[in-house]
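Participant: Pasted the sequence and its predicted model underneath.
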Amino acid sequence: MPRRSLVVVANRLPLDDNAAPDGACEWRRSPGGLTGALHTILQQAPATWVGWGGGPGPRLPNVGSVRLRPVALTADEQRGYYEGFANSTLWPLYHDAVQQPVFQREWWDTYRAVNQRFAEAAAEVAGRHAAVWVQDYHLQLLPRMLRELRPDLLIGFFMHIPFPPPELFMQLPRRVELLHGMLGADLVGFQREQAAHNLAQLARKLLGAEAADHAIHVGPRTVRTGAFPVSIDVSEMSALATRPDVVAHAGQLRHDLGESKRVLLSVDRLDYTKGIEHRLTAYRELLRDGDVKVRDTVLVQVAVPSRERVESYRDLRDRIEGEVGRINGEYGRVGEPAIHYLNQPFDRAQLAALYRAADVMVVTPLRDGMNLVAKEFVAARGDGSGALVLSEFAGAAAELSTAFLVNPHDLDGLKQTLLRALEADPADLRARMGAMRRHLAEHDIYAWARAYLTALDHTGRLAQRLPN
Ligand code: ADQ
């Protein structure tokens, strides 16, 4: 493992009470998630985390031994950088443009200025020859800015969301700068191999660079790239799911939902990439055709509020709530809704109880970098029961290949897959779940962080020709 001091730079600081003003629930959640994963590693060397503290000014305790370096953002900067360029331009474009990306020139200026501020903060706190690990699409310009300020640093960049093929990326008005920004890193990590391939194609096309899937030559430098699929704290979720209070809560949920009913569950951030509308349409048609009946089957849809200051997210919420209301109005009975819709955040124990209580977990994003919910469900099913219906377009599908894989755009296919999962033989389900659990046991979030940081350290040794 690397012995250099480490600086993590992410949009948000890893604070428990760090709820975004728009209710965003992202991978930065603490404890667990990235914070948990890095915790052990961060103990081994001096470590600092640079990020937005959630408000306009500094506040701030440290988290364990990790120093926090807050970056302040004004309300205008939050609009232009976070809600604007990051979440209304890059987010939809990188997710196959399932929602039309918006290009506004003033957002770009703010995005660049905020990236520069984060780069300056990282340059200020990083020790000599430190490793700096930059996270995600909010900070895509930062690696190059940081290299200009501090050429001695070892710089890593990890993209948590998909990285699109050239046809989509080419739409970006500032595409060359964005590409140069990322390529300021020594190692660019993605969730899937396809993304590394897309980056190499773009580097050839836009920069005329000599590029293969795992090495891109930019002037005198070689940028390494590769897939490092992110994961969860598997043992934390497994332990939580067997805690007596969680087991009791799961039993109570089953009782409240109707003891004899089959329970389908979906847990998503309320985001148009998650395919919630497609799923509701499929479920409505199953009810309409009599393939599913409210007296023996129920869907629980958890949709945590997200990015509510962005108009398209408010519109989506209205559409989803309208559709849930229509379905319940048409097919529900007194005391027996077709769908339980919960637009609330839950703590980890409540989520674990929900995962335990479900028969079929339905994870059907239209595009998703990874999707941690699918992995959390698998980790929570210690007895090997339960079915996972999983979109082919989630990064997790590359690893959880024994799930019931589905194309969520294919409505008939989605309906048939839901029925197959509902009616599957328990022995088949156990075999499928067993294979997924074995994979996860080896590929938890600690393995992810170790693999990435070891690869980053290795690129540093290659560049400096240091012995291993
Ligand atoms: P997200 O798009 O936020 O993450 P996901 O990977 O599913 O998506 O993670 C969501 C997290 O929020 C999960 O840990 C889940 O348990 C939690 N969550 C969901 N609903 C909740 C609720 N009601 N209350 C509390 N917590 C809830 C981005 C990318 C993903 C990628 C991750 C990590 O879009 O593709 O997997 O980063 O890299």
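Facilitator: That came through fine.

Participant: Tell me where the stretch 201-350 of the chain has helices.
Facilitator: If DSSP state H, counting those that start in this stretch is used as the criterion, the helices of the stretch 201-350 of the chain fall at 234-241, 244-257, 276-288, 311-331, 348-357.

Participant: ok, and what's touching the last one?
Facilitator: Among residues not part of helix 348-357, those counted as contacts by CB atoms under 8 Å, 6 or more residues apart in numbering are 32, 236-237, 240-241, 243, 245-247, 249-251, 253-254, 257, 263, 265, 267, 300, 302, 346, 361, 376-377, 380-381. From N, CA and C alone the C-beta is placed, and that goes for glycine too.

Participant: Would you check how far apart the residue located most distally from the centre of the chain and Arg284 are?
Facilitator: Here the chain has its C-alpha centre computed as a mean, and the residue farthest from that point, by CA atoms, centre = their mean, is Val334 with 37.6 Å. The gap separating Val334 from Arg284 is 20 Å, by CB to CB, to the nearest Å.

Participant: isn't Phe118 right up against Pro70?
Facilitator: No. The pair formed by Phe118 and Pro70 falls short of the contact definition of CB atoms under 8 Å, at 10.8 Å.

Participant: Looking at those two now, which is surrounded by more residues?
Facilitator: Phe118 (26 against 19; other CB atoms under 10 Å).

Participant: That one: which element?
Facilitator: Phe118 is part of helix 105-125 when elements are defined by DSSP states H and E.

Participant: what comes into contact with that helix?
Facilitator: For helix 105-125, contacts defined as CB under 8 Å, 6+ apart pick out 7, 9, 48, 50, 67, 69, 71, 73, 76-77, 79-81, 84-86, 88-89, 132, 134, 139-142, 145-146, 149-150, 153, 173-174, 177, 181.

Participant: next SSE after it?
Facilitator: Following the chain from helix 105-125 toward its C-terminal end, the next helix or strand by DSSP H and E is strand 131-135.

Participant: chain center to that following strand, what's the gap?
Facilitator: In terms of CA atoms, centre = their mean, to the nearest Å, the centre of strand 131-135 is set 17 Å apart from its chain centre.

Participant: same thing with stretch 393-400?
Facilitator: Per CA atoms, centre = their mean, the centroid offset for stretch 393-400 relative to its chain is 12 Å.

Participant: How about Gln140, nearest residue that isn't a chain neighbour?
Facilitator: Among residues not flanking Gln140 along the chain, Gly181 sits closest, at 5.0 Å (CB to CB, 6 or more residues apart in numbering).

Participant: Buried by neighbour count, from the contacts of helix 105-125: which ones?
Facilitator: Those of these that meet the buried threshold are 7, 9, 48, 50, 67, 69, 71, 73, 77, 79-81, 84-86, 88-89, 132, 134, 139-142, 145-146, 150, 153, 174, 181, by 16 or more other CB atoms under 10 Å.

Participant: What about the residues you listed, which are in strands?
Facilitator: Among the buried ones among the contacts of helix 105-125, the subset assigned to strands under DSSP state E consists of 7, 9, 48, 50, 67, 69, 71, 132, 134.

Participant: which one of those residues sits closest to the ligand?
Facilitator: The ligand lies nearest to Val134 out of these, by CB to the nearest ligand atom, at 13.9 Å.

Participant: my guess is that closest one meets Met145, correct?
Facilitator: No. Under the criterion of CB under 8 Å, Val134 lies out of contact with Met145, with a separation of 10.1 Å.

Participant: Of the contacts of helix 348-357, which are in range of the ligand?
Facilitator: Applying CB under 6 Å from any ligand atom to the contacts of helix 348-357, one finds that 267, 302, 346, 376 fall near the ligand.

Participant: who's in contact with the third one?
Facilitator: So the one you mean is Phe346. Residues counted as contacts of Phe346 (CB under 8 Å, 6+ apart) are 302, 304, 354.

Participant: right, and out of the residues you listed, which lies closest to Leu168?
Facilitator: The closest of the contacts of Phe346 to Leu168 turns out to be Val304 (CB to CB; 27.2 Å).

Participant: partners of the closest one in the sheet?
Facilitator: In this structure, Val304 has beta-bridge partners Arg269, where bridges are defined by DSSP bridges.

Participant: Model confidence score at it, please.
Facilitator: With respect to pLDDT, Val304 has a value of 90.

Participant: burial measure for it, as a count.
Facilitator: Per other CB under 10 Å, the neighbour tally for Val304 reads 17.

Participant: any idea how far it lies from Val334?
Facilitator: Where Val334 is concerned, Val304 sits at a distance of 28 Å (CB to CB).

Participant: next one: Ala200
Facilitator: To Val334, Ala200 is 59 Å away according to CB to CB.

Participant: Would you mind listing what in the chain touches the ligand?
Facilitator: On the criterion CB under 6 Å from any ligand atom, the ligand has as its neighbours in the chain the residues 25-27, 160-161, 230, 267, 269, 302, 304, 345-346, 351, 368-373, 376.

Participant: ok, of these, which come out buried?
Facilitator: Burial by neighbour count, 16+ other CB under 10 Å: within these this picks out 25-27, 160-161, 230, 267, 269, 302, 304, 351, 368-373, 376.

Participant: Narrow these to those in strands?
Facilitator: Secondary-structure check on those using DSSP E: residues within strands are 267, 269, 302, 304.

Participant: Please look at the last one and Lys274 and confirm they touch.
Facilitator: No. Using CB under 8 Å as the test, Val304 is too far from Lys274 to be in contact (10.5 Å).

Participant: Which neighbours do those two have in common?
Facilitator: Listed as contacting both Val304 and Lys274 by CB under 8 Å, 6+ apart are Asp268.

Participant: Against the ligand, how distant is the closest residue to Gly53 other than its chain neighbours?
Facilitator: Nearest non-adjacent residue to Gly53, counting by CB to CB, 6+ apart: Pro70, 3.9 Å away. Taking CB to the nearest ligand atom, to the nearest Å as the measure, Pro70 and the ligand are separated by 22 Å.

Participant: now Pro70: how far from Ala357?
Facilitator: Taken as CB to CB, the span from Pro70 to Ala357 is 39 Å.

Participant: contacting residues around stretch 311-323?
Facilitator: 22, 88, 92, 99, 270-272, 276-277, 280-281, 284, 303, 305-308, 341, 343.

Participant: These, buried ones only, as a PyMOL selection?
Facilitator: Applying 16+ other CB under 10 Å to the contacts of stretch 311-323 leaves a buried subset, and the PyMOL line that selects it is:
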select buried, resi 22+88+92+99+270+271+272+276+280+284+303+305+306+307+308+341
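
Participant: how many other residues sit next to Gly290?
Facilitator: Going by other CB under 10 Å, the residues that sit close to Gly290 add up to 7.

Participant: Sorry, slip of the keys, the one I care about is Leu414.
Facilitator: Taking other CB under 10 Å as the definition, Leu414 ends up with a neighbour count of 25.

Participant: Ok, the one 10 residues further on next?
Facilitator: Per other CB under 10 Å, the neighbour tally for Ala424 reads 15.

Participant: Nothing else from me, thank you.
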